[in-house]
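>>> Kindly generate the corresponding structure for this input.
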Amino acid sequence: MSNIPSEAVKVEVEGATVDFFKLAKDGESTYYFDTSAEGPPHPMVNAMSGLKMIKGTDGTLVMINHKAPGGLFDKLGADVQHVVENIDGGLVKVTFTYDNNAASESDLTQTSCHG
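Residues are numbered from 1 along each chain as shown. Just a heads-up that it's a prediction; the model follows:
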């Protein structure tokens, strides 16, 4: 069973190394990607690519991963909010949104897992 809604359509995302999908519903756009079968640096690279895409919008980014990406969270500023949810199969679903009024801004060019 896929963790990405079946009605979501594949979209191109600059810099992505996995497929991204978009679901537009009730005037809101949610983008999904799954890096649960990928190792570093794919979760970080794809999260940053997706975050660049939704920056300054009301869009939502959903990441499916094998664990909560603590290294990624450490790189985010106050402008990116995230919620982690455990899902079936021992995976996690991380939902990202932007707070466009936050005092600090994330550096979305940091795609390495260290430093």
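>>> buried residues in the helix or strand of the chain with the lowest mean pLDDT?
Across the helices and strands of the chain, mean pLDDT, DSSP states H and E gives its lowest value to helix 70-75, namely a mean of 91. Buried residues in helix 70-75, defined by neighbour count with 16 or more other Cβ atoms under 10 Å: 71-72, 75. No exception for glycine: its C-beta is placed from N, CA and C like everyone else's.
>>> Serialize those to TSV and add fields for distance to residue 48.
Below are these laid out as TSV (distance: Cβ to Cβ, whole Å):
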residue	distance to residue 48
71	12
72	8
75	8
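>>> now, which of these sits nearest residue 34?
In terms of Cβ to Cβ, no member of these lies closer to residue 34 than residue 72, at 15.1 Å.
>>> which ones are touching the closest one?
The contact partners of residue 72, by Cβ atoms under 8 Å, 6 or more residues apart in numbering, come to 43-44, 47.
>>> can you map out the helices along the protein?
42-54, 70-75 (DSSP state H).
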